[in-house]
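*Asks:* The sequence and its predicted three-dimensional model are supplied below.
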Number of protein chains: 2
Amino acid sequence: MQIGELAKRAYTQVETIRYYEHAGLLPETARTEGNYRVYDDQHVERLSFIRNCRGLDMSLNEIRVLLRFADAPGASCAGVDALLDAHIAHVTRRIKTLQSLKRQLQRLRKACPEAREARQCGILNELSAHVRPMPGAPAQHAGGTHGIRDA
Amino acid sequence: MQIGELAKRAYTQVETIRYYEHAGLLPETARTEGNYRVYDDQHVERLSFIRNCRGLDMSLNEIRVLLRFADAPGASCAGVDALLDAHIAHVTRRIKTLQSLKRQLQRLRKACPEAREARQCGILNELSAHVRPMPGAPAQHAGGTHGIRDA
DNA sequence: CTTGACTCTGTAGCCGCTACAGGGTTTTTA
DNA sequence: TAAAAACCCTGTAGCGGCTACAGAGTCAAG
């Protein structure tokens, strides 16, 4: 099968497949005489694996690790469990951060319960207050609320 | 004051300030004879405003909108309220998405409660299952869990 | 033999920075 | 007075994970 067919079967864009090959997640395949990439069902499975992982918001690096386990079927999968635990912890932390962010935003929102002149807007005034140094970690806060365009 | 002093006062990196100027969030300033940028307290306030907004995970575009309100102190601030409401809704949606993601991950995690051979790992096997087309929105899912490096 | 659908490579853009390289200026120290 | 250190400048490239071209080649159907 050619790249377009693989794309359809794994609900992926053609460019994304080439990108994954370039990134080392998909192997370089055989080519036809006309230099077209040739795929089979195993590629569909591997690409599905990757897309499933992406759907769970894993990074390509995390997926690389998982693929290494998948490629060594005789070895122990303890690392898989560990990676998943770490990823769950990661998501949990992000949820907490976003919840705290939401509380801050709601508090700020109350500073201007109704429309008035901008110079009297409690929101704008609070936002002008001086920043404090980030207490714990580096600048960080939430990060990536805008990761993907909205539906 | 020079750029380094402004950076300190607003807990920002020097490069970030130049980036904001280039991005049109900070005005182009006067220069010394030696071509150094010169700032005053108003710049500290404006930069603090921006950093506060970034700390609330607003995009630079959202901040541009808010700055336009701040720059027109006589106009109505209704748009500020609306922008904040939209941003809160945005964050709320993201939290929901991440929570659903977390549930999926926890379910997946149960597929392999203990280390075994990779070929028998329920996690790896589930991940290999074929992807389904995204039902509602385009590919999207959570996006940006890895937005910022971990603390 | 032309049209159209498919494929190829390579590059640029998105966001919000960050980190250089390779220079110039100003202040401090010896 | 000179050298070293600290600061500043511009411009460019990189991060992740794609997406969207441009400009070309390949292949099947009419």
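*Replies:* Structure received. Numbering: from 1, shown residues only, chains lettered A, B, ... in the order given.

*Asks:* can you give me the angle the helix or strand encompassing A:Lys96 makes with helix B:78-110?
*Replies:* Taking DSSP states H and E as the definition, A:Lys96 sits inside helix A:78-110. Relative orientation of helix A:78-110 and helix B:78-110, computed by axes from the mean of the first three to the mean of the last three CA atoms, to 10 degrees: 160 degrees.

*Asks:* now check helix A:78-110, is it near chain B?
*Replies:* Yes: counting by CB under 8 Å from any CB of the partner chain, chain B has neighbours in helix A:78-110: A:78, A:80-81, A:84-85, A:87-88, A:90-95, A:98-99, A:101-102, A:104-106, A:108-109. Any C-beta I mention is one placed from the backbone N, CA and C, and that applies to glycine too.

*Asks:* Quick check on those: which are buried?
*Replies:* For the residues of helix A:78-110 next to chain B, a burial check counting by 16 or more other CB atoms under 10 Å in any protein chain shown picks out A:80-81, A:84, A:87-88, A:90-91, A:94-95, A:98-99, A:101-102, A:104-105, A:108-109.

*Asks:* Next, name the residue at the spatial heart of chain A.
*Replies:* With distances taken as CA atoms, centre = their mean, chain A has A:Asp57 as the residue nearest its mean C-alpha position (4.1 Å).

*Asks:* In three-state terms, how would it be classified?
*Replies:* When classified by DSSP: H, G, I helix; E, B strand; the rest coil, A:Asp57 comes out as coil.

*Asks:* Contact distance from DNA strand D - what residues of chain A qualify?
*Replies:* For chain A, the residues in contact with DNA strand D (CB under 7 Å from any atom of the strand) are A:13, A:15-16, A:19, A:32-36, A:54, A:59-61.

*Asks:* 6 Å - rerun?
*Replies:* A:Gln13, A:Glu15, A:Thr16, A:Tyr19, A:Thr32, A:Glu33, A:Gly34, A:Asn35, A:Arg54, A:Ser59, A:Leu60, A:Asn61 (CB under 6 Å from any atom of the strand).

*Asks:* Run a quick neighbour tally on the second one.
*Replies:* Using other CB atoms under 10 Å in any protein chain shown as the criterion, A:Glu15 is surrounded by 10 other residues.

*Asks:* so how far is chain B from whichever residue of chain A sits closest to DNA strand C?
*Replies:* The nearest approach of chain A to DNA strand C comes at A:Gly4, 2.6 Å away (CB to the nearest atom of the strand). In this view, A:Gly4 and chain B are 16 Å apart by CB to the nearest CB, to the nearest Å.

*Asks:* so how many other residues sit close to that residue?
*Replies:* A:Gly4 sits with 11 neighbouring residues when counted by other CB under 10 Å.

*Asks:* residue contacts, the closest residue to it other than its chain neighbours?
*Replies:* If you skip the residues right next to it in sequence, A:Gly4 has A:Val14 as its closest partner in space, 6.1 Å away by CB to CB, 6 or more residues apart in numbering or on different chains. Taking CB atoms under 8 Å, 6 or more residues apart in numbering or on different chains, we find A:Val14 in contact with A:Ile3, A:Gly4, A:Ala7.
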